[in-house]
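J.: Predicted model and sequence below, questions to follow.
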Amino acid sequence: MNKSALYQLSYGVYVVSTWDKGRATGCTANSAMQITSSPATIAVSINHDNYTNQCIQDTGKFAISILGEHTDPGVIGTFGFYSGRDTNKFEKVEPVMKEYMPVVPDACAYIVCNVIDKMETSSHTVFLGEVVDADVLKKDDPMTYAYYHNVIKGKSPKNAPTYQGE
Ligand SMILES: Cc1cc2nc3c(=O)[nH]c(=O)nc-3n(C[C@H](O)[C@H](O)[C@H](O)COP(=O)(O)O)c2cc1C
C-alpha cells in the first residue's frame, strides 16, 4: 500500500472547542467534514488521548472555528501542540461566545454542534454533531491543510489522524 496517496485527501484547519467544567478548551483539528445538509450534520475525529475528547464526551457539545489564511498561525500551535490538561489555551486567545460556546475570534467562520452520535476507532472518537448555530465572522479564505503545510510550513503531531511519522 502506498500511504502517500492518503496525503492527496484535502482538509481545512480548525479549532474544535468545548468546555472543561466552565473553562473553555479545545484542540486544533483538520478532520472535520459535513455529513448531511438537512439537518446539517458535521463529523470530527478526536484522538482518545486528547483532553478535548474527554471534554466533548462530558459536555455533549463542540464548536468548530474555521481558521483562515490570515488567522494568526500561533493559534494552530497553541491549540495543536499543548494540552488543555495543563494549559489554559483560551487565556492567550480570548474567545467570543456563540450559542454559549467558545469560538476563536480570529477565525473566518464558526459552527456550533450538539453531539448526536459517536463512533470509536482504536485511536480516535468520531463525534457526529447536529449544527445548532453557524455564521461567517470575517472575509478571509479558509485555510487548507495544504496551505498549512506548504505556506506556513507547519507540522502535524502524532495525535492528528493524518500523522504518518513525518
Ligand atoms: C494541523 C493539526 C491538525 C490536527 N488535527 C487533529 C485531528 O483532526 N484530530 C485530533 O485528535 N488531533 C489533531 N491534532 C492534534 C491535537 O491538536 C493535539 O494533540 C492537541 O495538543 C490536543 O490538545 P488537548 O489535549 O487539549 O485536546 C492536530 C494538530 C495539528 C497541529
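T.: Received the coordinates, thanks.

J.: What average pLDDT does stretch 93-101 get?
T.: Taken as a whole, stretch 93-101 has a mean pLDDT of 97.

J.: Where does the chain get nearest to the ligand, residue-wise?
T.: Gly80 (2.8 Å; Cβ to the nearest ligand atom). Glycine gets a C-beta too; all of them are placed from N, C-alpha and C.

J.: So what's the residue count around that residue?
T.: Using other Cβ atoms under 10 Å, Gly80 is surrounded by 21 other residues.

J.: Before we move on, what's the pLDDT of the residue lying closest to it once chain neighbours are set aside?
T.: Residue nearest to Gly80 in three dimensions, not counting chain neighbours: Thr28, with 3.2 Å by Cβ to Cβ, 6 or more residues apart in numbering. pLDDT for Thr28: 98.

J.: Next up, the contacts around Thr28.
T.: Shown in contact with Thr28 (Cβ atoms under 8 Å, 6 or more residues apart in numbering): 13-16, 75-76, 79-80.

J.: Give me the subset of those lying in helices.
T.: Members of those lying in helices (criterion: DSSP state H): 75-76, 79-80.

J.: Helices of this structure, residue ranges please.
T.: 51-59, 74-80, 89-92, 145-150.

J.: Output these in a markdown table; the columns should cover distance to Val132.
T.: What follows is the helices of the chain, written out as a markdown table (distance: least, Cβ to Cβ, whole Å):
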| stretch | distance to Val132 |
| --- | --- |
| helix 51-59 | 13 |
| helix 74-80 | 22 |
| helix 89-92 | 21 |
| helix 145-150 | 26 |
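
J.: Tell me which of the ones you listed sits nearest to Ser4.
T.: Nearest to Ser4 among the helices of the chain is helix 145-150; the distance by Cβ to Cβ comes to 13.1 Å.

J.: Report all helices and strands that that closest one contacts.
T.: For helix 145-150, not one helix or strand is in contact under the criterion 3 or more Cβ pairs under 8 Å, 6 or more residues apart in numbering; DSSP states H and E.

J.: Tabulate the CA atom coordinates of that helix in PDB.
T.: Output of helix 145-150 as PDB, limited to C-alpha atoms (Å, rounded to 0.1, in the frame of the first residue of the first chain):
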ATOM      1  CA  TYR A 145      -4.300  21.700   5.200                       C
ATOM      2  CA  ALA A 146      -2.100  22.000   2.100                       C
ATOM      3  CA  TYR A 147      -1.700  25.800   2.800                       C
ATOM      4  CA  TYR A 148      -0.700  24.900   6.400                       C
ATOM      5  CA  HIS A 149       2.000  22.500   5.200                       C
ATOM      6  CA  ASN A 150       3.200  24.300   2.100                       C
END
